[in-house]
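J.: Sequence below, structure please.
(one chain, ligands or ions: 2)
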Amino acid sequence: MKGKDILSITDLEPETISVLLTDALELKGGRQRRIPEGKVLALLFEKPSLRTRVSFEVAMMGIGGSSLYLSPAEVGLGKREPVADVARVLERYVDVIAARTFSHQSIEELGNHCSIPVINALSDLEHPCQAMADILTIIEKKGDINGIKIAYLGDGNNVASSLMLASAMLGADFTAASPDGYQVKAEIMSQAEQYAWQSGSSINCTQDAGSAVVGADVLYTDVWTSMGQEEEARVRRDVFFPYQLNSELLCNAPESVIVMHPLPAHRGEEITAEVIESPHSVVFDQAENRLHVARALLLYLLGGLGVYSDA
Ligand code: CP
Ligand code: NVA
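T.: Ligands and ions are numbered 1, 2, ... in the order given. Okay, here's the model as predicted:
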């Protein structure tokens, strides 16, 4: 591991991600593990959450630690006081921070100003914990991640960025079909291309959703309007409509394709009710895996590999 902060999925080495996912599967299978007593997680959230907040709280409880939730109203990150001060105060009280911020810069600032691990619980740039749960789900459903073909439809957002990077790191082919102006950021793309070159996979971008789904093992979509972009919702609905994951598009994919979405989903926008409720959909297994990944990650950060013990 490069450092203790997990601000980007690339803060973990590909081998470390594989170890964490193996751990997560063991934990899912019932293996009990605990961290040293008295550890506390602070959940510092500027945006709403169901899965991330609850999975981290339940994970921490399950491995013998405790957590506390700090809402936007309570902390006022960068408003009531500077991010650097929040970091330097929190490190005196808790052992790890999971932060959900609007700006990725805030989360980097948190990481830069405290010695305890900071986990990115979603920023405008990345959502690494989601990507790990997504990869775990693909491994469970498809038996592997190496060589798997993932087609992502829609906004080149935080979720797309982390998943693109994780796919490239672990040898999956990733195609993103997004409208002009809404592609995954160029810096993320070139980082992903470098990883893909090392792992032997491929990264592609297209504006043609129809061709992206042909031969795909996984179809993935996310909301068209992310938290913080609400004022753009109307424009985005029009721009993204040709990228809707609907039955017509699904018909072009192999029968064995799985459909993924990080949730919350907007039925009738990025995905139709028919598709998300179809037998292809694995969205609730994906949501469950957030918990197993959170447990593996917290054990790794707070106990250390080989240090934490079987209960
Ligand atoms: N997928 C995800 O991060 O969900 P929440 O926003 O509910 O945490
Ligand atoms: N892209 C979405 C993901 C929510 C889990 C957002 O940032 O709002």
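J.: Work out the gap between stretch 190-209 and the centre of the chain.
T.: Relative to its chain's centre, stretch 190-209 lies at 18 Å (C-alpha atoms, centre = their mean, to the nearest Å).
J.: need the residues of the stretch 151-300 of the chain near ligand 2, please.
T.: Within the stretch 151-300 of the chain, the positions adjacent to ligand 2 are N157, N158, V159, D222, V223, S226, M227, P262 by C-beta under 6 Å from any ligand atom. From N, CA and C alone the C-beta is placed, and that goes for glycine too.
J.: right, and out of those residues, which lies closest to F241?
T.: V223 (13.6 Å; C-beta to C-beta).
J.: residue contacts, that closest one?
T.: Counting by C-beta atoms under 8 Å, 6 or more residues apart in numbering, V223 makes contact with G154, D155, N157, P264, A265, H266, E269, E270.
J.: which among the residues of the stretch 151-300 of the chain next to ligand 2 end up buried?
T.: Neighbour counting by 16 or more other C-beta atoms under 10 Å classes N157, N158, V159, D222, V223, S226, M227, P262 among these as buried.
J.: Near ligand 1, list only the ones from these.
T.: Answer for those near ligand 1 (C-beta under 6 Å from any ligand atom): P262.
J.: Include secondary structure and distance to S247 when you put the buried ones among the residues of the stretch 151-300 of the chain next to ligand 2 into TSV, please.
T.: TSV is the format used below for these (DSSP: H, G, I helix; E, B strand; the rest coil; distance: C-beta to C-beta, whole Å):
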residue	secondary structure	distance to S247
N157	coil	24
N158	helix	27
V159	helix	23
D222	coil	19
V223	coil	20
S226	coil	25
M227	coil	28
P262	coil	21
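J.: low pLDDT regions in the stretch 1-150 of the chain?
T.: Counting by pLDDT under 70, the stretch 1-150 of the chain shows low-confidence ranges at 1-3.
J.: In it, what residue spans correspond to helices?
T.: Assigned by DSSP state H, counting those that start in this stretch, the helices in the stretch 1-150 of the chain fall at 14-28, 51-62, 72-75, 83-93, 104-112, 128-142.
J.: Show me which positions of the third one end up buried.
T.: Buried residues in helix 72-75, counting neighbours by 16+ other C-beta under 10 Å, are found at P72, V75.
J.: Restricting to C-alpha, output it in CSV.
T.: Only the C-alpha atoms of helix 72-75 are listed here, as CSV (Å, rounded to 0.1, in the frame of the first residue of the first chain):
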residue,chain,number,x,y,z
PRO,A,72,-23.0,18.8,6.9
ALA,A,73,-24.9,21.0,9.4
GLU,A,74,-22.7,20.0,12.3
VAL,A,75,-19.2,20.5,10.8
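J.: Contacts for it, please.
T.: Contacts with helix 72-75, where a contact means C-beta under 8 Å, 6+ apart, come from L44, F45, E46, K47, V86.
J.: Touching, the last one and L70? I think so.
T.: If I follow you right, that is V86. No. Look at V86 against L70 with C-beta atoms under 8 Å: they stay out of range, at 9.0 Å.
J.: So which of the contacts of V223 belong to helices?
T.: Among these, no member is found in helices (DSSP state H).
J.: Buried by neighbour count, from those: which ones?
T.: G154, D155, N157, A265, E269, E270.
J.: quick check, nearest of the residues you listed to L125?
T.: The nearest member of these to L125, counting by C-beta to C-beta, is N157 at 9.0 Å.
J.: residues touching the closest one, list them.
T.: D222, V223, S226.
J.: would you list those in JSON lines and tack on pLDDT?
T.: JSON lines is the format used below for the contacts of N157 (pLDDT from 0 to 100):
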{"residue": "D222", "pLDDT": "99"}
{"residue": "V223", "pLDDT": "98"}
{"residue": "S226", "pLDDT": "98"}
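J.: quick one: the lengthiest helix in the chain to helix 128-142, angle?
T.: For the chain, the helix with the greatest residue count under DSSP H is helix 283-302. If you take axes from the mean of the first three to the mean of the last three C-alpha atoms, to 10 degrees, helix 283-302 sits at 120 degrees to helix 128-142.
J.: Export the buried ones among the contacts of V223 as CSV, with columns for pLDDT and distance to A166.
T.: CSV is the format used below for those (pLDDT from 0 to 100; distance: C-beta to C-beta, whole Å):
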residue, pLDDT, distance to A166
G154, 98, 17
D155, 98, 17
N157, 98, 15
A265, 98, 21
E269, 98, 25
E270, 98, 20
